[in-house]
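Visitor: could you look at this predicted model? Sequence included:
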Amino acid sequence: GAGVSQTPSNKVTEKGKYVELRCDPISGHTALYWYRQSLGQGPEFLIYFQGTGAADDSGLPNDRFFAVRPEGSVSTLKIQRTERGDSAVYLCASSSGWGHEAFFGQGTRLTVV
Amino acid sequence: DAKTTQPTSMDCAEGRAANLPCNHSTISGNEYVYWYRQIHSQGPQYIIHGLKNNETNEMASLIITEDRKSSTLILPHATLRDTAVYYCIVRVGGGGTSYGKLTFGQGTILTVHP
């Protein structure tokens, strides 16, 4: 596809469960970002990958959150022991490098009940 | 990253130019100014970016002051579909290892009315 693809588009899970959110970046983009957005707020940075490595994970709120990008393409955001406060839209973006625009996916709406 | 200040909301009549201001008084020499917008229930959409010079593309124009402490995004002929939250972001760049984090603020809610 031409754009950033995120799956699933919606996820409802019970408190305490584990979830995985997937991001397929634009082909050839080396940089990949994860953000989350709560209602009425701007997107909040979580983690940034350059290639396979996490260049900046300073936005991950705690050790329940983890992200991987093993082959430098697809990335998975993993949330353990989900809490109701984790409910948000999780956004993924990719770019071809520094100084280049980032393209965002449509997001995954996570609801923890 | 430098902080940005934007008005909370603005209105514009359809067909008129929308001028969205942004203050970034602590911007440093290697920081770019980026503009994104977010239409309800969609991911943010890139609009334009610049370092020093004014920039224009098919969507908008970006005017950056000479001291780089502020900028204005111009939508020359606003349409109803331009109603969205507009984010002004300054983004650290640098040689060597890329550092591409975008830090979003609250943005400006632009409402285009008939």
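Guide: Perfect, I can see it now. Residues are numbered from 1 along each chain as shown, chains lettered A, B, ... in the order given.

Visitor: going by C-alpha atoms from here, please, whenever you check contacts or count neighbours.
Guide: Noted.

Visitor: now do whichever residue of chain B sits closest to chain A, the pLDDT please.
Guide: Nearest to chain A in chain B, going by C-alpha to the nearest C-alpha, is B:G43, at a distance of 4.7 Å. pLDDT recorded at B:G43 is 94.

Visitor: quick one: it and A:A102 touch, right?
Guide: No - between B:G43 and A:A102 there is no contact under C-alpha atoms under 8 Å: 11.1 Å.

Visitor: can you tell me the closest non-neighbouring residue to the residue nearest to the spatial centre of chain A?
Guide: A centroid search over chain A (C-alpha atoms, centre = their mean) returns A:W34, at 3.4 Å, as the residue closest to the centre. Closest residue to A:W34 apart from its sequence neighbours, by C-alpha to C-alpha, 6 or more residues apart in numbering or on different chains: A:C92 at 4.6 Å.

Visitor: got a list of what the residue of chain B closest to chain A touches?
Guide: If a contact means C-alpha atoms under 8 Å, 6 or more residues apart in numbering or on different chains, then B:G43 has A:L91, A:F104, A:G105, A:Q106, A:G107 as its contacts.

Visitor: would you list those in CSV and tack on secondary structure?
Guide: Listed next are the contacts of B:G43 as CSV, based on DSSP: H, G, I helix; E, B strand; the rest coil:
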residue, secondary structure
A:L91, strand
A:F104, strand
A:G105, coil
A:Q106, coil
A:G107, coil
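
Visitor: a helix runs through the residue of chain B closest to chain A, doesn't it?
Guide: No - counting by three-state DSSP, one finds B:G43 to be coil, located in no helix.

Visitor: what's the least confident helix or strand in chain B by mean pLDDT packed up against?
Guide: Within chain B, no helix or strand scores below strand B:84-92, which has a mean of 90 by mean pLDDT, DSSP states H and E. Applying 3 or more C-alpha pairs under 8 Å, 6 or more residues apart in numbering or on different chains; DSSP states H and E, we find strand B:84-92 packed against strand B:31-38, strand B:108-113.

Visitor: output it as PDB, restricted to C-alpha atoms.
Guide: The C-alpha trace of strand B:84-92 is given here as PDB (Å, rounded to 0.1, in the frame of the first residue of the first chain):
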ATOM      1  CA  ALA B  84      -9.100  20.800  11.400                       C
ATOM      2  CA  VAL B  85      -6.700  21.100  14.300                       C
ATOM      3  CA  TYR B  86      -3.400  22.600  13.000                       C
ATOM      4  CA  TYR B  87      -0.200  21.900  14.800                       C
ATOM      5  CA  CYS B  88       3.000  23.900  14.600                       C
ATOM      6  CA  ILE B  89       6.000  21.900  15.600                       C
ATOM      7  CA  VAL B  90       9.700  22.600  15.800                       C
ATOM      8  CA  ARG B  91      11.800  19.600  15.200                       C
ATOM      9  CA  VAL B  92      15.300  18.900  16.200                       C
END
